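Novice: Fold the stuff below for me.
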Amino acid sequence: MSEKLLEVRGLRVEFPVGGVWLPAVRDVDLVLAPGEALALVGESGSGKSVTALALLRLLPTQARVTGEIRFQGRDLLAASEEEMRQVRGAGISMIFQEPMTALNPVMRVGEQVAEAVLAHGFPRHWLDRFKTEINAEGLSEEARAALWRKYLG
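Specialist: Okay, the predicted model is just below:
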């Protein structure tokens, strides 16, 4: 594997508990090439979510993350928050294992999707056109599905 899209070396995540640092993830190494997908599989509490959240730099501020995380050659542990916003979703995504915790129950799903779409640089007029077309009265489910594919791939 010559080209590396994502490279993680010696990833370690620790949390302070009772005055000591306890490891949640220890010595994770992985390499992902363009076109490959990665699934983290393991028992409950094995560190899957913590590993993914560390890659995206979405852990609580008290977490201590060490090792190397490189995406397209960029050091994500040294990246600014603005750089991370560009990486999240557009470059690295996490599919949460429990959908009820992935969405905010007090916001409409469409609003949450719109927020993500706008955050990744899609123009507002594109989103407005999509909303108008997808909400057209009398649209069949097949036609709605075709619109989702047209706009979102």
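Novice: All the helices of this protein, residue numbers only.
Specialist: For the chain, the helices defined by DSSP state H occupy 48-55, 81-87, 99-102, 109-119, 124-134, 141-152.
Novice: in the fifth one, what counts as buried?
Specialist: By that I understand helix 124-134. 127, 130 (16 or more other CB atoms under 10 Å). Bear in mind the C-beta positions are built from the backbone N, C-alpha and C, glycine included.
Novice: Residues touching that helix, excluding its own?
Specialist: Applying CB atoms under 8 Å, 6 or more residues apart in numbering, the external contacts of helix 124-134 come out as 110, 114, 117-118, 144, 147-148, 151.
Novice: try the longest one
Specialist: The contact list for helix 141-152, computed with CB under 8 Å, 6+ apart, reads 126, 130, 133-134, 139.
Novice: Mind putting these into TSV with distance to residue 38 and pLDDT?
Specialist: As requested, the contacts of helix 141-152 are arranged in TSV below (distance: CB to CB, whole Å; pLDDT from 0 to 100):
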residue	distance to residue 38	pLDDT
126	30	79
130	29	78
133	34	81
134	31	76
139	36	83
